[in-house]
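Student: how would this look folded up:
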Amino acid sequence: MKVRRVQAHVDSFLVANQVKGEYESKDPKMIKYLEKVKELKGFEGAEVLHVPRSQNKKADALSKLASVAFDHLAKDVKVETLRAPSIMEVEVSCVETPGDNWMTPFMQYLGKGILPEDKKEARRLRVRALQYEMIEGGLYRKSYLGPSLKCIGPTEAEYVIREIHEGICGMHMGPRWWQREP
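Tutor: Below is the predicted model:
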């Protein structure tokens with residue numbers, strides 16, 4: 001079509017000013033749309049102009065599509081339903097693999113019988129491992145007066161501490177010393 005200059009008329013004052021660079025975009029989706037606009041190449045110039053809804057009957061009719069049936073629209077309004085957004089968001093799932101931590105040597109020794117190569121470290125591990133046991137793939141510290149204590153890694157420890165201080169137990173206040181009678 002050999003188009004060199006593009007002039008777009010929009011009914012959104014906010015969008016027009018964001019494309020011009022007069023307003024800052026903070027919404028992540030809007031930022032992605034603005035990046036798409038900036039990627040448009042092949043034009044000598046592009047301009048986005050704001051048209052108030054009072055001066056644009058087609059845009060006003062389109063803005064009312066959600067609440068008005070199609071029969072009430074003027075015949076010159078074309079309706080296109082978009083099946084997908086023009087910005088495709090890629091979903092990324094963060095998978096965290098547990099790395100080696102202080103429990104790894106104990107679990108290797110108690111689970112598989114693997115000892116460190118250094119004889120001093122191996123002897124030290126054997127002595128300290130007497131305080132631990134493996135139960136259903138987890139490491140537990142033996143307790144003389146109560147149940148075995150579950151050992152957790154750094155990531156789980158952060159979660160447990162956060163849950164104790166901010167979660168359901170967040171408002172633990174301690175004893176009511178101010179209400180005691182003298």
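
Student: Can you spell out the domain ranges of the chain, please?
Tutor: 5-72, 104-172 (automatic domain parsing).

Student: I'd like to know which of the ones you listed lies nearest to residue 91.
Tutor: Residue 91 lies closest, by CB to CB, to one member of the domains of the chain: domain 5-72, at 13.9 Å. Where you see a C-beta, it was placed from the backbone N, CA and C, and this is true even at glycine.

Student: ok now the closest one, how far from the chain's centre?
Tutor: With CA atoms, centre = their mean, to the nearest Å as the basis, domain 5-72 stands 28 Å off its chain's centre.

Student: returning to that earlier point: dump the domains of the chain into CSV; add mean neighbour count and mean pLDDT as well.
Tutor: CSV is the format used below for the domains of the chain (neighbours: other CB atoms under 10 Å; pLDDT from 0 to 100):
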stretch, mean neighbour count, mean pLDDT
domain 5-72, 12, 76
domain 104-172, 12, 88
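
Student: ranges for the strands of the chain?
Tutor: Along the chain, counting by DSSP state E, strands occupy 5-10, 45-50, 132-135, 138-141, 149-150.

Student: CA atoms of stretch 107-126 as CSV?
Tutor: Extracted in CSV, the C-alpha atoms of stretch 107-126 (Å, rounded to 0.1, in the frame of the first residue of the first chain):
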residue,chain,number,x,y,z
MET,A,107,21.1,-38.0,54.6
GLN,A,108,23.7,-39.6,52.3
TYR,A,109,25.2,-41.5,55.2
LEU,A,110,22.0,-42.6,56.9
GLY,A,111,20.2,-43.3,53.6
LYS,A,112,22.9,-44.7,51.4
GLY,A,113,25.9,-45.3,53.7
ILE,A,114,28.0,-42.8,51.8
LEU,A,115,30.8,-41.1,53.9
PRO,A,116,33.1,-38.2,53.0
GLU,A,117,36.6,-39.1,51.7
ASP,A,118,38.4,-37.3,54.5
LYS,A,119,38.8,-39.8,57.4
LYS,A,120,38.5,-37.1,60.0
GLU,A,121,35.2,-35.8,58.5
ALA,A,122,33.9,-39.3,58.1
ARG,A,123,34.5,-40.1,61.8
ARG,A,124,32.9,-36.8,62.9
LEU,A,125,29.9,-37.5,60.7
ARG,A,126,29.5,-41.1,62.1
